[in-house]
Each structure stands twice: as structure tokens, then as C-alpha cells.
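>>> Quick one, fold the following:
(2 chains)
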Amino acid sequence: MLTKNDLTRYKRQILYTGFGEKGQKSLNQSHVVVAGLGGLGCSAALYLTCAGIGHITLIDCDRVELSNLNRQVLHYEEDIGEGKPFSAAQKLAKLNSSIEVTPVFKKITEHNARGLIKGANLVIDGMDSLQARFILNKACVAEGIPFIHGGIHGLFGEVTTILPGKTPCLACIFPEVPHRKASFPVFGVTPALVAILQVTEAIKLLAGFGSLLTGKMLYFNGETMDFTVRNLVKNPNCQVCGTKKV
Amino acid sequence: MSIKVRLHPILRNLAGGQEVVEVTGHTTGECLETLESRFPVIKQMLRDKRGQLRRYCSILVNSKSTHPNELTTPVKDGDQIDIVILVTGG
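Just a heads-up that it's a prediction; the model follows:
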């Protein structure tokens, strides 16, 4: 049930054809997990909050550092040293007090990943390591929860939407968990743009309209200002979602 | 025999901005070697010190994964190879 305040707050998006009050109710009743409160996670959480997602869980195990502030827009100078989920949750609560925001100050591991995302309608990938992404990918497939992957490097970004059992998962394309150095170049605009694309996917998926980046990887190159889409095909032998799953 | 290799956007700057490079070869490995001989800097991105394909690179033929035969999958005239790289940052 949308309240009078809801109808006012979300009026401009309710006007969108194919979304309407029904779409807004779907968002209000949804639970989204934002895994990682870095550049991607901060911008994603911000726009999920604006859109009126009823319950947002924020998961990260790091504390705010000065070097984060060029891109992690929910953390301010006064938050340096604070746990990222708490820092982010404070800002989001001021932006939209009608939704529930749950901060979780934990590292996502093989052992706890499924428990942390259980019951959610969707997980947004805001992780900053490939290993963590693959843990989440596997947990989402196991729990049957849609997973919206985003990744960035410099002025380059990528997005795909994974629907467990229906579309290729990350392990279909990268069967062995890649290793790569953790430190990477980035301008703040790159995760902001990629996160907004992830949230656009989330809104459509939760409200049930439009078409999704399923079976497709969208690449953005900010240096040349071009977007490219590549088709991805499910691997029947995938160890995570295929016949060889372990 | 002509095979098209579509470069991941992050590799395009290393190939003079080209998105698609036409190469020759009977396997994915031969095609990559042709590509790398024309753009040696791409080799540094794709291979480790032992010449093995880096784990964050994936080779698709006509959009399908070639794992575990990334460098030995046969290709034929008209096939399309995609070099996919998974980026780390968040």
C-alpha cells in the first residue's frame, strides 16, 4: 500500500508508462543487498534509496579512508575511520526515512555469503575484488537470487544481469576464479555511471518492465565515450550453474 | 582463412582503436599469436610470464566459452573470437 507521502515522493517515476503505482509498490516491497560500499556500492545504494526500495542491506568490512573520497559519495571527511556500512546508512536514512536500511559490517566469505543474502530479491555487485565477486556469484546462483554485476577500471566499466538458472553466470565465462592486483586506477565518475546502470537494471527487474542485460555484457569506455554490448552464452558445463556444479 | 577477433574495449587502445581485427589461424591460439605479433603490447595484457593466458581473460568463439581449451579450440572461416576481460574494481 502506497502512502500519501509515497505518492508525492515517487510521483515523477510513477508517471512513467509501464511502471505506475504497481511498479512503485513492487519497489517498496523489495529487499536489495548492496555488497560492497565502495564507488559502485555508494552510488547504487543512493539511487536505490531515491527509488524507494523498501529494504536495503549494506555489506562491507572496510573502514572509510581519505583515499576513498574521490568516488565513494556516501562517505564524508568526518566519516574517516568509520565502518562503511554505518557511514552509508546514516546518509541514506536522512535521504529517505520511509525505507529500512540495514548495515552489516562483515566480510563476505564462502561460509557466510548465502546466509547474508538469503531472502533478498536481488544483489548488487559492488565488490572490489574478483574473488569476492565469484563468491557472491556462486551464492546468488545457489539461492536463486538475481545478481547485477558491475566492474570498473579507470574510465572503463561493465555491467551484466545474471538470473540464476536462466542466463550465463560469471563462472560460465570465467571458469577459474581470476586473480588480479587489488589496487586499480579510477575516476569517481566511472563507478557512478556503472552503478546507475546497475540500479536501472534493478528497477526494471523488480518492477517487471523493460528489457534487461541478461546474456549480455554492456561495456562502457569513458575515454572514447562508446558503449558496446557483447552476447554471452550459458556454459552447460559450468561448475557453478551448469551440469558440473559442485 | 579469415577470422575476426573482437577486442575487449580495454584492449582497443593497444590496437590503434580498432574494435575488430582480422587474423588467420586454424586454432584460437594461432589466431591470438597473429594478433599479438601485430600488437605486441596486447600480449603483455593477455599472457603471464610463462605465456599462459591470464585468468582474468576469457576466449569465446561465436560467444561460447572455450574453457578449458582456450588456446587450442579449432576455428573456421567466418568464426568470431571474442577476448573478454573481467575488470576488478568496485
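>>> doesn't residue A:149 fall inside a helix?
No: per DSSP: H, G, I helix; E, B strand; the rest coil, residue A:149 lies outside any helix segment and is strand.
>>> residues contacting it?
Going by CB atoms under 8 Å, 6 or more residues apart in numbering or on different chains, residue A:149 touches A:125, A:133, A:137, A:158-162, A:170. For every residue, glycine as well, the C-beta is placed using N, CA and C.
>>> Residues of chain B that sit close to chain A?
Selection of chain B residues close to chain A by CB under 8 Å from any CB of the partner chain yields B:6, B:8-10, B:12-13, B:17, B:19, B:54-56, B:58, B:60, B:63-65, B:67-68, B:82, B:84, B:86-90.
>>> out of those, which are inside helices?
B:9-10, B:12 (DSSP state H).
>>> and which of these is nearest chain A?
Chain A has its nearest neighbour among these in residue B:9, at 4.4 Å by CB to the nearest CB.
>>> And the closest one, what's its pLDDT?
On pLDDT, residue B:9 comes in at 90.
>>> Surely residue A:233 is in contact with residue B:65?
Yes: at 7.3 Å, residue A:233 counts as touching residue B:65 under the criterion of CB atoms under 8 Å.
>>> Which of those two has more residues huddled nearby?
Taking other CB atoms under 10 Å in any protein chain shown, residue A:233 and residue B:65 do not tie; residue B:65 has more neighbours (26 against 15).
>>> Dig out what that one forms beta bridges with.
residue B:60 (DSSP bridges).
>>> ok, and for the biggest helix by length in chain B, which residues are buried?
Counting by DSSP H, the longest helix found in chain B is helix B:28-38. Under the neighbour-count criterion of 16 or more other CB atoms under 10 Å in any protein chain shown, helix B:28-38 has B:28-32, B:34-36 buried.
>>> show me where chain A has strands.
With DSSP state E as the criterion, chain A has strands at A:31-35, A:55-60, A:100-105, A:122-125, A:147-153, A:156-162, A:216-221, A:226-231.
>>> The ones in helices among the residues of chain B next to chain A into a markdown table, with extra columns for distance to residue A:63?
Shown next, in a markdown table, are those (distance: CB to CB, whole Å):
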| residue | distance to residue A:63 |
| --- | --- |
| B:9 | 33 |
| B:10 | 30 |
| B:12 | 37 |
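>>> can you count the residues close to residue B:86?
Counted with other CB under 10 Å, residue B:86 comes out at 22.
>>> gap between the nearest residue to it once chain neighbours are set aside and residue A:86?
Nearest non-adjacent residue to residue B:86, counting by CB to CB, 6 or more residues apart in numbering or on different chains: residue B:56, 5.1 Å away. To residue A:86, residue B:56 is 32 Å away according to CB to CB, to the nearest Å.
>>> ok, now residue A:69?
From residue A:69 over to residue A:86 (counting by CB to CB), the distance is 16 Å.
>>> Which strands or helices does the helix of greatest length in chain A pack on?
Longest helix in chain A, counting residues (DSSP H): helix A:189-207. Judged by 3 or more CB pairs under 8 Å, 6 or more residues apart in numbering or on different chains; DSSP states H and E, helix A:189-207 is in contact with helix A:20-28, helix A:39-51, strand A:122-125, strand A:147-153, strand A:156-162, strand A:216-221.
>>> what are the pairing partners of the shortest one, and which direction each?
Taking DSSP bridges as the criterion, strand A:122-125 pairs within the sheet with strand A:31-35 (parallel), strand A:147-153 (parallel).
>>> which residues does the closest residue to residue A:110 other than its chain neighbours contact?
Closest residue to residue A:110 apart from its sequence neighbours, by CB to CB, 6+ apart: residue A:135 at 5.6 Å. Counting by CB under 8 Å, 6+ apart, residue A:135 makes contact with A:108-110, A:113.
>>> rewinding a little: take the strands of chain A and write them to a markdown table, including mean pLDDT and distance to residue A:17.
Output for the strands of chain A, formatted as a markdown table (pLDDT from 0 to 100; distance: least, CB to CB, whole Å):
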| stretch | mean pLDDT | distance to residue A:17 |
| --- | --- | --- |
| strand A:31-35 | 98 | 24 |
| strand A:55-60 | 98 | 26 |
| strand A:100-105 | 98 | 29 |
| strand A:122-125 | 98 | 23 |
| strand A:147-153 | 96 | 23 |
| strand A:156-162 | 97 | 22 |
| strand A:216-221 | 96 | 23 |
| strand A:226-231 | 93 | 24 |
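>>> closest one to residue A:3 among the ones you listed?
Closest to residue A:3 of the strands of chain A, according to CB to CB: strand A:100-105, at 14.7 Å.
>>> Could you check the angle the closest one makes with helix A:39-51?
In terms of direction (axes from the mean of the first three to the mean of the last three CA atoms, to 10 degrees), strand A:100-105 departs from helix A:39-51 by 160 degrees.
>>> For the longest helix of chain A, the averaged confidence score.
Per-residue scores along helix A:189-207 average to 98.
>>> What segments of chain B are strands?
Using DSSP E, strands in chain B cover B:3-6, B:20-23, B:57-61, B:64-65, B:80-85.
>>> Now do the phi/psi pair for the residue nearest to residue A:237 when sequence neighbours are not counted.
The shortest distance from residue A:237 to any non-neighbouring residue, by CB to CB, 6+ apart, is to residue A:244 (5.0 Å). Note on residue A:244: backbone dihedrals following degrees, to the nearest 10 are phi -100, psi 20.
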